[in-house]
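> Sequence unavailable; structure follows:
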(Lines give C-alpha, C1' and ligand atoms only; values in the text may rest on other atoms or scores of the structure.)
Protein backbone atom coordinates (compact mmCIF):
# COMPACT_ATOMS: atom_id res chain seq x y z
CA UNK A 1 0.00 0.00 0.00
CA UNK A 2 1.22 3.47 -0.85
CA UNK A 3 1.81 5.61 2.21
CA UNK A 4 -0.94 8.09 3.00
CA UNK A 5 1.13 11.19 2.28
CA UNK A 6 2.48 9.84 -0.99
CA UNK A 7 -0.99 8.81 -2.15
CA UNK A 8 -2.40 12.26 -1.35
CA UNK A 9 0.45 14.04 -3.12
CA UNK A 10 0.18 11.80 -6.18
CA UNK A 11 -3.57 12.38 -6.38
CA UNK A 12 -3.12 16.15 -6.21
CA UNK A 13 -0.30 16.02 -8.78
CA UNK A 14 -2.37 14.00 -11.25
CA UNK A 15 -5.44 16.17 -10.68
CA UNK A 16 -3.55 19.43 -11.12
CA UNK A 17 -1.54 18.18 -14.08
CA UNK A 18 -4.76 17.12 -15.83
CA UNK A 19 -6.82 20.20 -14.94
CA UNK A 20 -4.19 22.76 -15.87
CA UNK A 21 -4.47 21.85 -19.56
CA UNK A 22 -8.13 22.86 -19.57
CA UNK A 23 -7.47 25.88 -17.38
CA UNK A 24 -5.02 27.36 -19.89
CA UNK A 25 -7.43 26.56 -22.74
CA UNK A 26 -10.10 28.48 -20.85
CA UNK A 27 -7.87 31.55 -20.92
CA UNK A 28 -6.51 31.44 -24.46
CA UNK A 29 -9.15 29.80 -26.66
CA UNK A 30 -11.73 32.55 -26.00
CA UNK A 31 -9.17 35.15 -27.09
CA UNK A 32 -8.72 33.35 -30.41
CA UNK A 33 -12.48 33.23 -31.06
CA UNK A 34 -12.85 36.92 -30.14
CA UNK A 35 -10.08 37.95 -32.52
CA UNK A 36 -11.67 35.86 -35.28
CA UNK A 37 -15.12 37.40 -34.74
CA UNK A 38 -13.66 40.91 -34.59
CA UNK A 39 -12.02 40.25 -37.95
CA UNK A 40 -15.37 38.99 -39.28
CA UNK A 41 -17.15 42.14 -38.18
CA UNK A 42 -14.44 44.33 -39.70
CA UNK A 43 -14.11 42.51 -43.03
CA UNK A 44 -17.25 40.47 -43.55
CA UNK A 45 -15.03 37.53 -44.51
CA UNK A 46 -17.02 34.35 -43.86
CA UNK A 47 -13.83 32.47 -42.99
CA UNK A 48 -13.47 34.42 -39.75
CA UNK A 49 -17.05 33.65 -38.71
CA UNK A 50 -16.42 29.95 -39.28
CA UNK A 51 -13.20 30.20 -37.27
CA UNK A 52 -14.98 31.93 -34.39
CA UNK A 53 -17.78 29.35 -34.25
CA UNK A 54 -15.45 26.37 -34.46
CA UNK A 55 -13.07 27.74 -31.84
CA UNK A 56 -16.06 28.50 -29.61
CA UNK A 57 -17.23 24.88 -29.90
CA UNK A 58 -13.72 23.70 -29.06
CA UNK A 59 -13.72 26.03 -26.07
CA UNK A 60 -17.02 24.57 -24.89
CA UNK A 61 -15.68 21.01 -25.09
CA UNK A 62 -12.58 21.87 -23.08
CA UNK A 63 -14.54 24.04 -20.64
CA UNK A 64 -16.92 21.18 -19.83
CA UNK A 65 -14.09 18.76 -19.03
CA UNK A 66 -12.24 21.47 -17.10
CA UNK A 67 -15.33 22.14 -14.99
CA UNK A 68 -15.37 18.49 -13.90
CA UNK A 69 -11.66 18.30 -13.08
CA UNK A 70 -11.75 21.69 -11.35
CA UNK A 71 -14.64 20.62 -9.15
CA UNK A 72 -12.69 17.50 -8.17
CA UNK A 73 -9.69 19.66 -7.27
CA UNK A 74 -11.76 21.93 -5.02
CA UNK A 75 -13.06 18.91 -3.09
CA UNK A 76 -9.59 17.38 -2.86
CA UNK A 77 -8.23 20.47 -1.15
CA UNK A 78 -10.68 20.01 1.70
CA UNK A 79 -10.66 16.21 1.84
CA UNK A 80 -6.95 15.53 1.43
CA UNK A 81 -5.56 18.59 3.19
CA UNK A 82 -8.09 19.57 5.91
CA UNK A 83 -5.49 21.03 8.27
CA UNK A 84 -4.21 23.33 5.55
CA UNK A 85 -7.70 24.53 4.61
CA UNK A 86 -8.67 25.13 8.24
CA UNK A 87 -5.52 27.20 8.79
CA UNK A 88 -5.37 29.06 5.49
CA UNK A 89 -9.07 29.28 4.59
CA UNK A 90 -9.81 32.55 6.41
CA UNK A 91 -6.91 34.22 4.57
CA UNK A 92 -7.15 32.90 1.02
CA UNK A 93 -10.86 32.02 1.05
CA UNK A 94 -11.66 35.35 -0.62
CA UNK A 95 -9.46 34.41 -3.58
CA UNK A 96 -11.28 31.10 -4.07
CA UNK A 97 -14.65 32.86 -3.80
CA UNK A 98 -13.67 35.34 -6.50
CA UNK A 99 -12.37 32.50 -8.64
CA UNK A 100 -15.76 30.81 -8.35
CA UNK A 101 -17.51 34.03 -9.35
CA UNK A 102 -15.23 34.39 -12.39
CA UNK A 103 -15.86 30.75 -13.34
CA UNK A 104 -19.65 31.14 -13.28
CA UNK A 105 -19.41 34.39 -15.23
CA UNK A 106 -17.33 32.61 -17.86
CA UNK A 107 -19.86 29.77 -18.08
CA UNK A 108 -22.86 32.12 -18.46
CA UNK A 109 -21.34 34.28 -21.18
CA UNK A 110 -19.90 31.27 -23.02
CA UNK A 111 -23.48 30.04 -23.32
CA UNK A 112 -24.56 33.45 -24.61
CA UNK A 113 -21.71 33.42 -27.12
CA UNK A 114 -22.49 29.91 -28.37
CA UNK A 115 -26.22 30.45 -28.85
CA UNK A 116 -26.36 34.20 -29.45
CA UNK A 117 -25.31 34.27 -33.09
CA UNK A 118 -27.92 36.30 -35.05
CA UNK A 119 -29.99 36.68 -31.85
CA UNK A 120 -28.20 39.71 -30.40
CA UNK A 121 -26.41 42.66 -32.05
CA UNK A 122 -23.00 41.82 -33.48
CA UNK A 123 -20.96 43.97 -31.14
CA UNK A 124 -22.88 42.74 -28.08
CA UNK A 125 -22.16 39.20 -29.20
CA UNK A 126 -18.49 40.10 -29.55
CA UNK A 127 -18.57 41.68 -26.08
CA UNK A 128 -19.91 38.42 -24.61
CA UNK A 129 -16.81 36.72 -25.99
CA UNK A 130 -14.62 39.40 -24.45
CA UNK A 131 -16.26 38.75 -21.07
CA UNK A 132 -15.57 35.02 -21.47
CA UNK A 133 -11.90 35.82 -22.13
CA UNK A 134 -11.56 38.24 -19.22
CA UNK A 135 -13.37 35.87 -16.84
CA UNK A 136 -11.08 32.99 -17.79
CA UNK A 137 -8.00 35.12 -17.15
CA UNK A 138 -9.37 36.40 -13.83
CA UNK A 139 -10.21 32.87 -12.71
CA UNK A 140 -6.61 31.82 -13.26
CA UNK A 141 -5.33 35.05 -11.71
CA UNK A 142 -7.11 34.42 -8.40
CA UNK A 143 -6.02 30.77 -8.21
CA UNK A 144 -2.38 31.61 -8.93
CA UNK A 145 -2.49 34.36 -6.30
CA UNK A 146 -3.55 31.68 -3.80
CA UNK A 147 -0.65 29.50 -4.91
CA UNK A 148 1.70 32.46 -4.60
CA UNK A 149 0.49 32.93 -1.02
CA UNK A 150 1.47 29.33 -0.23
CA UNK A 151 4.98 30.15 -1.48
CA UNK A 152 5.14 33.49 0.35
CA UNK A 153 2.45 33.72 3.07
CA UNK A 154 1.33 37.25 3.99
CA UNK A 155 -1.73 38.93 5.51
CA UNK A 156 -1.58 37.72 9.12
CA UNK A 157 0.39 37.72 12.35
CA UNK A 158 1.43 34.50 14.09
CA UNK A 159 0.40 34.00 17.71
CA UNK A 160 1.12 30.60 19.27
CA UNK A 161 1.26 29.07 15.81
CA UNK A 162 -2.15 30.43 14.77
CA UNK A 163 -2.90 33.30 12.37
CA UNK A 164 -4.24 36.49 13.92
CA UNK A 165 -4.90 40.05 12.67
CA UNK A 166 -5.99 38.65 9.34
CA UNK A 167 -5.71 40.87 6.26
CA UNK A 168 -7.03 38.86 3.28
CA UNK A 169 -6.60 41.82 0.92
CA UNK A 170 -2.83 41.57 1.40
CA UNK A 171 -2.90 38.45 -0.78
CA UNK A 172 -3.67 40.70 -3.78
CA UNK A 173 -0.30 42.47 -3.45
CA UNK A 174 1.80 39.41 -2.67
CA UNK A 175 4.90 39.87 -4.89
CA UNK A 176 5.32 36.14 -5.58
CA UNK A 177 1.65 35.74 -6.45
CA UNK A 178 1.63 38.75 -8.77
CA UNK A 179 4.72 37.61 -10.67
CA UNK A 180 3.44 34.02 -10.88
CA UNK A 181 0.14 35.31 -12.26
CA UNK A 182 1.44 37.25 -15.24
CA UNK A 183 3.90 34.44 -15.97
CA UNK A 184 1.09 31.87 -15.97
CA UNK A 185 -1.27 33.98 -18.09
CA UNK A 186 1.38 34.55 -20.74
CA UNK A 187 2.24 30.85 -20.65
CA UNK A 188 -1.40 30.00 -21.39
CA UNK A 189 -1.45 32.20 -24.49
CA UNK A 190 1.87 30.74 -25.64
CA UNK A 191 0.82 27.13 -25.11
CA UNK A 192 -2.61 27.31 -26.72
CA UNK A 193 -1.50 29.70 -29.47
CA UNK A 194 1.25 27.34 -30.61
CA UNK A 195 -0.88 24.23 -30.14
CA UNK A 196 -3.62 25.64 -32.38
CA UNK A 197 -1.04 26.96 -34.85
CA UNK A 198 0.55 23.51 -34.98
CA UNK A 199 -2.80 21.86 -35.76
CA UNK A 200 -3.48 24.20 -38.68
CA UNK A 201 0.13 23.98 -39.87
CA UNK A 202 -0.35 20.21 -40.06
CA UNK A 203 -3.36 20.62 -42.33
CA UNK A 204 -1.61 23.29 -44.41
CA UNK A 205 1.11 20.79 -45.21
CA UNK A 206 -1.64 18.79 -46.90
CA UNK A 207 -3.77 21.67 -48.19
CA UNK A 208 -1.46 24.69 -48.62
CA UNK A 209 -4.12 26.69 -50.45
CA UNK A 210 -6.87 26.27 -47.85
CA UNK A 211 -7.73 29.82 -46.68
CA UNK A 212 -9.44 28.56 -43.52
CA UNK A 213 -6.18 27.09 -42.19
CA UNK A 214 -4.18 30.06 -43.46
CA UNK A 215 -6.18 32.59 -41.45
CA UNK A 216 -6.33 30.29 -38.43
CA UNK A 217 -2.54 29.90 -38.48
CA UNK A 218 -2.06 33.65 -38.74
CA UNK A 219 -4.27 34.43 -35.72
CA UNK A 220 -2.95 31.59 -33.55
CA UNK A 221 0.71 32.32 -34.27
CA UNK A 222 0.30 36.04 -33.65
CA UNK A 223 -1.38 35.31 -30.30
CA UNK A 224 1.13 32.73 -29.14
CA UNK A 225 4.12 34.44 -30.71
CA UNK A 226 3.64 37.82 -29.07
CA UNK A 227 3.21 36.15 -25.67
CA UNK A 228 6.28 33.96 -26.27
CA UNK A 229 8.46 37.01 -26.90
CA UNK A 230 7.35 38.66 -23.65
CA UNK A 231 7.54 35.45 -21.63
CA UNK A 232 11.32 35.54 -20.94
CA UNK A 233 10.91 39.04 -19.47
CA UNK A 234 8.12 37.76 -17.25
CA UNK A 235 10.25 34.79 -16.22
CA UNK A 236 13.15 37.07 -15.37
CA UNK A 237 10.96 39.18 -13.08
CA UNK A 238 9.60 36.05 -11.39
CA UNK A 239 13.11 34.62 -10.89
CA UNK A 240 14.25 37.85 -9.24
CA UNK A 241 11.23 37.74 -6.92
CA UNK A 242 11.95 34.10 -6.04
CA UNK A 243 15.59 34.97 -5.32
CA UNK A 244 14.43 37.70 -2.93
CA UNK A 245 11.57 35.93 -1.12
CA UNK A 246 12.42 32.22 -1.55
CA UNK A 247 16.20 31.90 -1.99
CA UNK A 248 16.21 28.17 -1.17
CA UNK A 249 13.87 27.44 -4.09
CA UNK A 250 15.98 29.57 -6.43
CA UNK A 251 19.12 27.73 -5.33
CA UNK A 252 17.42 24.36 -5.88
CA UNK A 253 16.11 25.07 -9.36
CA UNK A 254 19.47 26.51 -10.42
CA UNK A 255 21.49 23.75 -8.72
CA UNK A 256 23.43 26.40 -6.79
CA UNK A 257 25.05 24.96 -3.65
CA UNK A 258 27.63 27.45 -2.39
CA UNK A 259 26.95 31.07 -1.46
CA UNK A 260 29.29 32.99 -3.75
CA UNK A 261 29.76 36.29 -5.49
CA UNK A 262 29.95 35.99 -9.25
CA UNK A 263 27.72 32.89 -9.28
CA UNK A 264 27.67 30.74 -12.41
CA UNK A 265 24.60 29.70 -14.35
CA UNK A 266 24.27 26.04 -15.32
CA UNK A 267 22.60 24.86 -18.50
CA UNK A 268 21.45 21.28 -18.09
CA UNK A 269 23.34 19.07 -15.68
CA UNK A 270 22.31 16.83 -12.80
CA UNK A 271 22.75 18.21 -9.26
CA UNK A 272 24.14 15.91 -6.56
CA UNK A 273 23.27 16.97 -3.03
CA UNK A 274 25.73 14.56 -1.42
CA UNK A 275 28.72 16.16 -3.14
CA UNK A 276 27.21 19.63 -3.72
CA UNK A 277 28.14 19.51 -7.41
CA UNK A 278 26.50 19.45 -10.85
CA UNK A 279 27.51 16.89 -13.43
CA UNK A 280 27.15 16.96 -17.23
CA UNK A 281 26.09 20.61 -17.37
CA UNK A 282 27.41 23.67 -19.19
CA UNK A 283 28.67 26.37 -16.82
CA UNK A 284 28.41 30.06 -17.72
CA UNK A 285 30.55 32.04 -15.25
CA UNK A 286 28.98 35.08 -13.52
CA UNK A 287 25.71 34.69 -15.45
CA UNK A 288 23.47 33.83 -12.49
CA UNK A 289 24.58 36.87 -10.49
CA UNK A 290 24.14 39.08 -13.53
CA UNK A 291 20.64 37.78 -14.34
CA UNK A 292 19.34 37.97 -10.77
CA UNK A 293 20.92 41.22 -9.62
CA UNK A 294 22.24 43.01 -12.70
CA UNK A 295 25.75 42.73 -11.26
CA UNK A 296 28.14 39.94 -12.36
CA UNK A 297 29.80 39.99 -8.92
CA UNK A 298 26.60 39.98 -6.81
CA UNK A 299 26.27 37.36 -4.08
CA UNK A 300 23.77 34.51 -4.58
CA UNK A 301 22.75 32.39 -1.60
CA UNK A 302 23.44 28.66 -1.94
CA UNK A 303 21.62 25.58 -0.70
CA UNK A 304 24.29 24.78 1.89
CA UNK A 305 23.18 27.82 3.88
CA UNK A 306 19.86 26.09 4.63
CA UNK A 307 19.08 22.98 6.73
CA UNK A 308 19.15 19.89 4.54
CA UNK A 309 15.70 18.82 5.76
CA UNK A 310 14.30 21.96 4.12
CA UNK A 311 15.76 21.21 0.69
CA UNK A 312 13.28 20.37 -2.08
CA UNK A 313 13.97 17.34 -4.34
CA UNK A 314 16.91 18.74 -6.30
CA UNK A 315 17.02 16.60 -9.43
CA UNK A 316 13.28 16.87 -10.11
CA UNK A 317 13.17 20.63 -9.59
CA UNK A 318 16.33 21.40 -11.56
CA UNK A 319 15.46 19.23 -14.57
CA UNK A 320 11.87 20.50 -14.67
CA UNK A 321 13.19 24.06 -14.63
CA UNK A 322 15.60 23.32 -17.47
CA UNK A 323 12.84 21.74 -19.57
CA UNK A 324 10.61 24.76 -19.00
CA UNK A 325 13.33 27.23 -19.97
CA UNK A 326 14.37 25.25 -23.06
CA UNK A 327 10.77 24.93 -24.27
CA UNK A 328 10.16 28.64 -23.78
CA UNK A 329 13.22 29.72 -25.72
CA UNK A 330 12.45 27.36 -28.60
CA UNK A 331 8.97 28.86 -28.90
CA UNK A 332 10.37 32.37 -28.70
CA UNK A 333 12.78 31.52 -31.54
CA UNK A 334 9.87 30.12 -33.57
CA UNK A 335 7.98 33.37 -32.94
CA UNK A 336 10.86 35.51 -34.20
CA UNK A 337 11.23 33.25 -37.24
CA UNK A 338 7.51 33.49 -38.01
CA UNK A 339 7.36 37.26 -37.61
CA UNK A 340 10.38 37.66 -39.87
CA UNK A 341 8.60 35.59 -42.51
CA UNK A 342 5.47 37.70 -42.18
CA UNK A 343 7.54 40.85 -42.59
CA UNK A 344 9.48 39.54 -45.62
CA UNK A 345 7.06 37.23 -47.41
CA UNK A 346 3.64 37.91 -45.85
CA UNK A 347 2.66 34.23 -46.23
CA UNK A 348 3.73 31.80 -43.49
CA UNK A 349 2.33 28.77 -45.27
CA UNK A 350 4.71 29.05 -48.23
CA UNK A 351 7.57 27.64 -46.16
CA UNK A 352 7.08 23.92 -45.63
CA UNK A 353 10.08 23.81 -43.30
CA UNK A 354 8.50 26.42 -41.09
CA UNK A 355 5.22 24.49 -41.05
CA UNK A 356 7.01 21.26 -40.16
CA UNK A 357 8.88 22.94 -37.30
CA UNK A 358 5.63 24.49 -36.10
CA UNK A 359 3.97 21.08 -35.98
CA UNK A 360 6.93 19.69 -34.04
CA UNK A 361 6.85 22.57 -31.55
CA UNK A 362 3.09 22.45 -31.00
CA UNK A 363 3.18 20.57 -27.64
CA UNK A 364 6.14 22.48 -26.19
CA UNK A 365 3.96 25.14 -24.57
CA UNK A 366 1.99 22.56 -22.60
CA UNK A 367 5.22 20.75 -21.69
CA UNK A 368 6.61 24.06 -20.39
CA UNK A 369 3.48 24.66 -18.31
CA UNK A 370 3.52 21.19 -16.75
CA UNK A 371 7.25 21.54 -16.03
CA UNK A 372 6.71 24.99 -14.55
CA UNK A 373 4.12 23.70 -12.14
CA UNK A 374 6.50 20.93 -11.08
CA UNK A 375 9.03 23.67 -10.32
CA UNK A 376 6.44 25.64 -8.35
CA UNK A 377 4.90 22.79 -6.37
CA UNK A 378 7.82 20.40 -5.86
CA UNK A 379 10.16 23.36 -5.35
CA UNK A 380 8.06 24.42 -2.34
CA UNK A 381 8.50 21.06 -0.59
CA UNK A 382 8.68 20.06 2.22
CA UNK A 383 6.27 22.93 2.96
CA UNK A 384 2.63 23.33 2.02
CA UNK A 385 2.81 26.87 3.45
CA UNK A 386 6.44 27.93 3.31
CA UNK A 387 7.90 28.43 6.79
CA UNK A 388 4.55 27.78 8.48
CA UNK A 389 3.19 24.28 7.81
CA UNK A 390 4.90 21.20 6.44
CA UNK A 391 3.12 18.97 3.95
CA UNK A 392 3.38 16.02 6.35
CA UNK A 393 1.37 17.97 8.95
CA UNK A 394 -1.37 19.00 6.52
CA UNK A 395 -2.45 15.65 5.08
CA UNK A 396 -5.67 14.01 6.22
CA UNK A 397 -5.40 11.25 8.86
CA UNK A 398 -7.99 9.23 6.92
CA UNK A 399 -6.60 5.95 5.65
CA UNK A 400 -7.27 4.15 2.39
CA UNK A 401 -6.18 6.96 0.08
CA UNK A 402 -4.78 4.42 -2.35
CA UNK A 403 -8.32 3.52 -3.41
CA UNK A 404 -9.09 7.21 -3.96
CA UNK A 405 -5.91 7.63 -6.00
CA UNK A 406 -6.79 4.69 -8.25
CA UNK A 407 -10.40 5.84 -8.70
CA UNK A 408 -9.52 9.40 -9.69
CA UNK A 409 -6.69 8.27 -11.94
CA UNK A 410 -9.18 6.08 -13.82
CA UNK A 411 -11.62 9.00 -13.90
CA UNK A 412 -9.05 11.27 -15.52
CA UNK A 413 -8.10 8.59 -18.02
CA UNK A 414 -11.77 8.27 -18.95
CA UNK A 415 -12.16 12.03 -19.28
CA UNK A 416 -9.00 12.20 -21.39
CA UNK A 417 -10.43 9.56 -23.71
CA UNK A 418 -13.70 11.48 -24.03
CA UNK A 419 -12.04 14.79 -24.81
CA UNK A 420 -9.69 13.21 -27.36
CA UNK A 421 -12.64 11.56 -29.10
CA UNK A 422 -14.62 14.81 -29.15
CA UNK A 423 -11.67 16.83 -30.44
CA UNK A 424 -10.95 14.21 -33.07
CA UNK A 425 -14.51 14.54 -34.36
CA UNK A 426 -14.21 18.31 -34.21
CA UNK A 427 -10.88 18.45 -36.06
CA UNK A 428 -11.31 15.86 -38.79
CA UNK A 429 -13.60 17.98 -40.98
CA UNK A 430 -12.72 21.54 -41.97
CA UNK A 431 -14.63 23.75 -44.38
CA UNK A 432 -13.48 24.70 -47.87
CA UNK A 433 -14.41 28.38 -47.97
CA UNK A 434 -13.52 30.57 -50.95
CA UNK A 435 -9.98 31.26 -52.05
CA UNK A 436 -7.17 32.88 -50.08
CA UNK A 437 -8.11 36.55 -49.66
CA UNK A 438 -10.42 36.15 -52.67
CA UNK A 439 -13.72 37.94 -53.26
CA UNK A 440 -15.74 34.73 -53.08
CA UNK A 441 -14.82 34.41 -49.40
CA UNK A 442 -16.51 37.65 -48.43
CA UNK A 443 -20.01 38.26 -47.26
CA UNK A 444 -21.78 41.23 -45.89
CA UNK A 445 -22.09 40.84 -42.13
CA UNK A 446 -25.70 41.05 -40.97
CA UNK A 447 -25.66 43.63 -38.24
CA UNK A 448 -28.61 43.87 -35.93
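Ah, there it is. Treat the numbers as computed from the prediction; the structure is a model and nothing was measured.
> Residue 157 - nearest residue in space that isn't next to it in sequence?
residue 165 (4.4 Å; CB to CB, 6 or more residues apart in numbering). In short, each C-beta sits where N, CA and C put it, glycine included.
> My guess is the one you found contacts residue 158. True?
No. The criterion here is CB atoms under 8 Å, and residue 165 misses it with residue 158 at 9.6 Å.
> of these two, who's got more company?
residue 158 (12 against 9; other CB atoms under 10 Å).
> Can you name the residues that contact that one?
Contacts for residue 158 were tallied using CB atoms under 8 Å, 6 or more residues apart in numbering; they are 164, 388.
> how much space between it and residue 48?
In this view, residue 158 and residue 48 are 56 Å apart by CB to CB, to the nearest Å.
> which residues of this protein score low on pLDDT?
The model of the chain has pLDDT under 70 over residues 1-2, 346, 428-448.
> if we go to 80?
1-3, 160-161, 343-350, 399-400, 422-448 (pLDDT under 80).
> could you say what helices and strands the longest helix anywhere in it packs with?
Of all segments of type helix in the chain, defined using DSSP state H, the longest is helix 4-43. Applying 3 or more CB pairs under 8 Å, 6 or more residues apart in numbering; DSSP states H and E, we find helix 4-43 packed against helix 46-80, helix 82-115, helix 122-151, helix 175-206, helix 211-245, helix 364-378, helix 391-394, helix 401-427.
> is it possible to export those helices to CSV including mean neighbour count and distance to residue 15?
Formatted as CSV, those follow (neighbours: other CB atoms under 10 Å; distance: least, CB to CB, whole Å):
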stretch, mean neighbour count, distance to residue 15
helix 46-80, 19, 5
helix 82-115, 18, 15
helix 122-151, 21, 13
helix 175-206, 23, 17
helix 211-245, 21, 24
helix 364-378, 22, 12
helix 391-394, 16, 16
helix 401-427, 14, 7
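> Could you dump those into TSV and include distance to residue 352?
Listed next are these as TSV, based on distance: least, CB to CB, whole Å:
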stretch	distance to residue 352
helix 46-80	22
helix 82-115	35
helix 122-151	33
helix 175-206	7
helix 211-245	13
helix 364-378	20
helix 391-394	50
helix 401-427	21
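> nearest to residue 347, of those helices?
helix 211-245 (7.8 Å; CB to CB).
> After the closest one, which helix or strand is next? Please name it.
helix 247-254 (DSSP states H and E).
> out of everything not next to it in sequence, what's closest to residue 422?
Using CB to CB, 6+ apart and skipping the chain neighbours, the partner closest in space to residue 422 is residue 61 (5.0 Å).
> and the one you found, what is it in contact with?
Counting by CB under 8 Å, 6+ apart, residue 61 has contacts 419, 422, 423, 426.
> repeat for residue 334
Taking CB under 8 Å, 6+ apart as the test, what residue 334 contacts is 194, 225, 228, 357, 358, 361.
> what about 7 Å?
357, 358, 361 (CB atoms under 7 Å, 6 or more residues apart in numbering).
> Format these as TSV; extra columns: neighbour count.
Shown next, in TSV, are these (neighbours: other CB atoms under 10 Å):
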residue	neighbour count
357	18
358	27
361	21
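> Out of the residues you listed, list just those in strands.
If you go by DSSP state E, the contacts of residue 334 have nothing in strands.
> quick check, nearest of those residues to residue 318?
Of these, the one sitting nearest to residue 318 (CB to CB) turns out to be residue 361, at 23.3 Å.
> What separation is there between that closest one and residue 336?
Applying CB to CB to residue 361 and residue 336 gives a distance of 13 Å.
> Pull out the buried positions in the longest helix of the chain.
Residues of helix 4-43 classed as buried under the neighbour-count rule (16 or more other CB atoms under 10 Å) are 4, 7-12, 14-16, 18-41.
> which residues are in contact with stretch 177-188?
With CB under 7 Å, 6+ apart as the criterion, stretch 177-188 contacts 24, 27-28, 137, 140-141, 144-145, 147-149, 171, 227, 230-231, 234-235, 237-238, 241, 368-369, 372.
> And it, how far out from the chain middle?
Taking CA atoms, centre = their mean, to the nearest Å, the mean C-alpha location of stretch 177-188 is offset from the chain mean by 8 Å.
> ditto for stretch 34-41
The answer for stretch 34-41 is 25 Å, by CA atoms, centre = their mean.
> Check what contacts that stretch and list those residues.
With CB under 7 Å, 6+ apart, stretch 34-41 has contacts from 45, 48-49, 51-52, 55, 122, 126, 129-130, 133, 219, 223, 445.
> which residues sit in contact with the closest residue to residue 139 other than its chain neighbours?
Excluding its sequence neighbours, the residue lying closest to residue 139 (CB to CB, 6+ apart) is residue 102, at 4.0 Å. For residue 102, the contacting residues are 135, 138, 139, 142, by CB under 7 Å, 6+ apart.
> In the residues you listed, find the pair that's most separated.
Most distant of the contacts of residue 102, by CB to CB, are 135 and 142, 10.8 Å apart.
> Looking at the helices and strands packed on helix 4-43, spot the one closest to residue 290.
For those, proximity to residue 290 was assessed by CB to CB; helix 211-245 is nearest, at 11.2 Å.
> I'd like to check the angle between the closest one and helix 364-378, please.
Between the axes of helix 211-245 and helix 364-378, defined by axes from the mean of the first three to the mean of the last three CA atoms, to 10 degrees, the angle is 20 degrees.
> which helices and strands sit right next to helix 211-245?
On a contact count with 3 or more CB pairs under 7 Å, 6 or more residues apart in numbering; DSSP states H and E, helix 211-245 meets helix 4-43, helix 46-80, helix 175-206, helix 247-254, helix 287-293, helix 314-344.
> Mind doing that once more with 6 Å?
The contact analysis (3 or more CB pairs under 6 Å, 6 or more residues apart in numbering; DSSP states H and E) places helix 211-245 against helix 46-80, helix 175-206, helix 247-254, helix 314-344.
> got those helices as TSV, with distance to residue 277 columns?
Below are those laid out as TSV (distance: least, CB to CB, whole Å):
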stretch	distance to residue 277
helix 46-80	37
helix 175-206	29
helix 247-254	13
helix 314-344	11
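> To residue 114, which of those helices lies closest?
helix 46-80 (5.7 Å).
> Please compute how far that closest one lies from its chain's middle.
Distance of helix 46-80 from the chain centroid (CA atoms, centre = their mean) equals 14 Å.
> swap in stretch 404-414?
Computed by CA atoms, centre = their mean, the chain-centroid distance of stretch 404-414 equals 23 Å.
> now stretch 147-167
Its chain's C-alpha centre and that of stretch 147-167 lie 26 Å apart, by CA atoms, centre = their mean.
> what does stretch 365-385 give?
Averaging C-alpha positions (CA atoms, centre = their mean) puts stretch 365-385 11 Å from its chain's average.
> How about stretch 301-320?
Between the centre of stretch 301-320 and the centre of its chain there are 24 Å (CA atoms, centre = their mean).
> now swap in stretch 259-271 and tell me
27 Å.
> what does stretch 239-249 give?
The answer for stretch 239-249 is 20 Å, by CA atoms, centre = their mean.
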